[in-house]
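**Q** Okay, structure incoming, though there's no sequence with it:
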Ligand SMILES: Cc1cc2nc3c(=O)[nH]c(=O)nc-3n(C[C@H](O)[C@H](O)[C@H](O)COP(=O)(O)O)c2cc1C
Ligand code: SF4
Ligand code: FES
């Protein structure tokens, strides 16, 4: 790919798809029909074009969704429309797993073979699909193909699949639990059967629930039903008491971020509210790609108005008029429901100019990710929205000072934001009364793997690991517990001796673990953990953005060492020593959290569980 345009032209349907996103071209310079009278006298560029660069990701989605790949002609047209050099646009398109820059079939079935689906038959499913349809990448039925995928955020229903479907009027969909029969039928041209939305919250209807109170109870498509179940009370209160009071309540609540880093939400919001540069931005991080995590998906699919209301309160408190909701690309249903909720809220005066006639204006734009775990990292996510490759930035400066488009930005996880509704509706002090002094409120846990009743569970911080597993009906079939992966692939394994561990930020820390994004992935004694460690290593190698050497090279070496350990006759002590060295380097020298945590789970399995026999 060059800095210059090739001679390839867009097909008419590619032009249509792009114009639907970008509007009709303003001039011949921007891909329209040349008008000698005007086009030779004026040309737009510079700031005007830079301000449109954030449309690159939606534009690439439009092309991918229409043809099933991003053709050179289509890419040329995007570049002409947005004034982006072709080499740069190609660099962005090729960064994301959901985009193809070479021709491929219109239907692509992604079958999850990750840590939570493995003990639920994913490997058997992939083998059966391979037997019927050929190895991954084979052309099936004229217009379909399949491939293996990392976690799709449907772990409670595993084995899971996600179907990309290109063509006018066709939409992506997911399928879980997926069977070989169903996947083969889809590959041969059948429609994807509807996936039941409800059923992911086994505690549904429990009066103790706070964050999940409306899930499977209120109609997620109805604003009236949302309001009948307490919706929009918090926003009314926020607008009534004012932004300073909202910030004070949040500070008093001691709410910690639920995206993994547990940073105090009140501190973040105050820093943005006080930042002198303007405008301010809000981002809701709904990229949820940590293997084993699905709580944000359930909130977005089943209580989308809560996400919209919470973002509006956040915008009000930090002085932002524009918020971005960055949703994982593999979450088509959540995206549809959020888009509907935003449109409804706007129509009824809960979004847009002068909300509830109180003078505060706020808009929310959805941005769809395109299959890159690293885009959950806050600065990579900002790069992605800005139309660049999702490569993390060095910090400092921190996003509260220099964030999206270089402006002060508050970025919060979906669950963090939904907690704000509780804080504002009942007051910060009352909120902090639940849980423990250092871990306030309730927490959502994604319980999956070898348990009787997988799903999203809400418990007060402080419930023990054993109590949570008991809530989920215990280990499947009453078998002995072998291990639990806490916090996902970026987390750590704990053993049966840790069942008394309190599920709090401090409780996990004391045991050298982390709650991370709330993953509690249970393995019974029948599961061979060694291939799972190799899967985790492959995940990090695949998802490393490649920007810094310790992570780019370290994740490859880590995967190679694990492959040798899995082979017969391995020198266990030598390989374990090498893995420990790699961990140290990646932890100390990687730019971002991906490299810093890429060895955590593997090292905990070696040191705590002695998976390879010899201790490191
Ligand atoms: C590799 C990586 C992936 C991440 N993925 C997510 C994610 O999917 N969702 C999320 O909310 N935070 C994710 N984070 C954490 C974000 O960088 C950030 O801390 C978070 O969005 C802040 O929100 P919170 O304070 O409400 O937790 C990730 C971090 C790293 C290093
Ligand atoms: S640590 Fe890995 S993912 Fe993070 S910036 Fe470096 S190469 Fe990219
Ligand atoms: S959907 Fe398969 S591991 Fe999460």
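**A** Okay, I see it. If you're wondering where the values come from, they're calculated on a predicted model, not measured in any experiment. Ligands and ions are numbered 1, 2, ... in the order given.
**Q** Pull up the gap between the residue in the stretch 351-500 of the chain that ligand 1 sits nearest to and residue 93, please.
**A** Per C-beta to the nearest ligand atom, residue 376 is where the stretch 351-500 of the chain lies closest to ligand 1, at 2.1 Å. For glycine as for every other residue, the C-beta is placed from the backbone atoms N, C-alpha and C. From residue 376 over to residue 93 the distance is 20 Å, taken as C-beta to C-beta, to the nearest Å.
**Q** distance of the residue of the stretch 501-616 of the chain found nearest ligand 1 from residue 91?
**A** Nearest residue of the stretch 501-616 of the chain to ligand 1: residue 593, at 2.6 Å (C-beta to the nearest ligand atom). Separation of residue 593 from residue 91 (C-beta to C-beta): 23 Å.
**Q** so what's the residue of the stretch 501-616 of the chain closest to ligand 1 closest to, chain neighbours aside?
**A** With C-beta to C-beta, 6 or more residues apart in numbering as the criterion, residue 593 has its nearest non-adjacent residue at 6.1 Å, and that residue is residue 377.
**Q** got it, and residue 526?
**A** Going by C-beta to C-beta, 6+ apart, residue 526 has residue 479 as its nearest residue, at 6.7 Å.
**Q** Backbone dihedrals for the one you found, please?
**A** Dihedral angles of residue 479 (phi, psi; degrees, to the nearest 10) stand at phi -70, psi 160.
**Q** Same question for residue 175.
**A** Backbone torsions for residue 175, taken as degrees, to the nearest 10, come to phi -140, psi 120.
**Q** ok, the strand or helix carrying residue 382 near ligand 1 or not?
**A** Per DSSP states H and E: residue 382 is located in helix 378-385. Yes: counting by C-beta under 6 Å from any ligand atom, ligand 1 has neighbours in helix 378-385: residue 378.
**Q** just stretch 328-345 next, same as before
**A** No: on the criterion C-beta under 6 Å from any ligand atom, stretch 328-345 is out of touch with ligand 1, staying 7.3 Å away.
**Q** What about contact with ligand 3: does that stretch have any residue there?
**A** No: using C-beta under 6 Å from any ligand atom, stretch 328-345 never reaches ligand 3; the gap is at least 9.2 Å.
**Q** Check stretch 108-124 too.
**A** Yes: applying C-beta under 6 Å from any ligand atom, one finds stretch 108-124 touching ligand 3 at 112, 114, 115, 116, 117.
**Q** Isn't residue 461 up against residue 442?
**A** Yes: here residue 461 reaches residue 442: they are 7.0 Å apart, a contact under C-beta atoms under 8 Å.
**Q** which residues are common contacts for those two?
**A** Residues touching both residue 461 and residue 442 by C-beta atoms under 8 Å, 6 or more residues apart in numbering: 434, 435.
**Q** Tell me who's in contact with residue 110.
**A** Contacts of residue 110 by C-beta under 8 Å, 6+ apart are 146, 147, 148, 149, 152, 161, 162, 163, 164, 330.
**Q** please redo it, this time with the cut-off set to 7 Å
**A** By C-beta atoms under 7 Å, 6 or more residues apart in numbering, the contact set of residue 110 is 147, 149, 152, 161, 162.
**Q** now do residue 468
**A** 445, 447, 457, 459, 503, 520 are the contacts of residue 468 under C-beta under 7 Å, 6+ apart.
**Q** Okay, the fifth one and residue 457: tell me how far apart.
**A** Read it as residue 503. 10 Å.
**Q** ok, now the last one?
**A** Plainly put, residue 520 is 8 Å away from residue 457 if you go by C-beta to C-beta.
**Q** Whatever residue of the stretch 351-500 of the chain ends up closest to ligand 3: helix or strand, and which one exactly?
**A** Residue nearest to ligand 3 within the stretch 351-500 of the chain (C-beta to the nearest ligand atom): residue 448, separated by 7.1 Å. Assigned by DSSP H and E, residue 448 belongs to strand 442-449.
**Q** That strand close to ligand 1?
**A** No: Strand 442-449 is not in contact with ligand 1 by C-beta under 6 Å from any ligand atom; minimum separation 12.2 Å.
**Q** name the helices or strands packed onto that strand?
**A** Counting contacts by 3 or more C-beta pairs under 7 Å, 6 or more residues apart in numbering; DSSP states H and E, strand 442-449 packs against strand 455-460, strand 519-524.
**Q** Take the ones you listed and write them to a markdown table, including mean pLDDT, distance to ligand 2 and mean neighbour count.
**A** Shown next, in a markdown table, are these (pLDDT from 0 to 100; distance: least, C-beta to the nearest ligand atom, whole Å; neighbours: other C-beta atoms under 10 Å):
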| stretch | mean pLDDT | distance to ligand 2 | mean neighbour count |
| --- | --- | --- | --- |
| strand 455-460 | 98 | 28 | 22 |
| strand 519-524 | 98 | 19 | 26 |
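**Q** what's near enough to touch residue 134?
**A** Counted by C-beta under 7 Å, 6+ apart, residue 134 has contacts residue 140.
**Q** what about stretch 228-245, distance to the chain center?
**A** With C-alpha atoms, centre = their mean, to the nearest Å as the basis, stretch 228-245 stands 28 Å off its chain's centre.
**Q** can you list contacts of that stretch?
**A** So stretch 228-245 is contacted by 214, 217-218, 246, 273, 305-306, 309, 312-313, 316-317, 350, 356, 358, 360, 421, 424-425 (C-beta under 7 Å, 6+ apart).
**Q** what comes up buried for it?
**A** 229, 231, 232, 234, 235, 237, 238, 239, 243 (16 or more other C-beta atoms under 10 Å).
**Q** Now do the third one, the pLDDT please.
**A** What the model reports for residue 232 is a pLDDT of 98.
**Q** ok, of the contacts of stretch 228-245, which come out buried?
**A** 214, 217-218, 246, 273, 305-306, 309, 312-313, 316-317, 350, 360, 421, 424-425.
**Q** sorry, back to before: separation between the residue of the stretch 351-500 of the chain closest to ligand 3 and residue 464?
**A** Distance of residue 448 to residue 464, computed by C-beta to C-beta: 18 Å.
**Q** So between those two, which is more surrounded?
**A** residue 448 (29 against 17; other C-beta atoms under 10 Å).
**Q** Give me the next element, helix or strand, following the strand or helix carrying residue 236.
**A** Using DSSP H and E, residue 236 maps to helix 233-241. The helix or strand immediately downstream of helix 233-241 is helix 243-253, counting by DSSP H and E.
**Q** Return the set of buried residues in the helix or strand just after that next one.
**A** Next along the chain after helix 243-253, taking DSSP H and E as the criterion, comes helix 265-274. Buried residues in helix 265-274, defined by neighbour count with 16+ other C-beta under 10 Å: 265, 266, 268, 269, 270, 271, 272, 273.
**Q** quick one: contacts for the residue nearest to the first one when sequence neighbours are not counted?
**A** Spatial nearest neighbour of residue 265, excluding adjacent residues (C-beta to C-beta, 6+ apart): residue 255 at 4.6 Å. Neighbour list for residue 255: 265, 266, 416, 419, 423, 440, 441 [criterion: C-beta under 7 Å, 6+ apart].
**Q** Give me the contact list for whatever helix or strand the fourth one lives in.
**A** What it means is residue 419. Residue 419 belongs to helix 414-426 when elements are defined using DSSP H and E. Defining contact as C-beta under 7 Å, 6+ apart, one finds that helix 414-426 is touched by 210-211, 233-234, 237-238, 246, 249-250, 253, 255, 257-259, 265, 284, 286, 295-296, 299-300, 306-307, 309-311, 313-314, 431, 441, 444.
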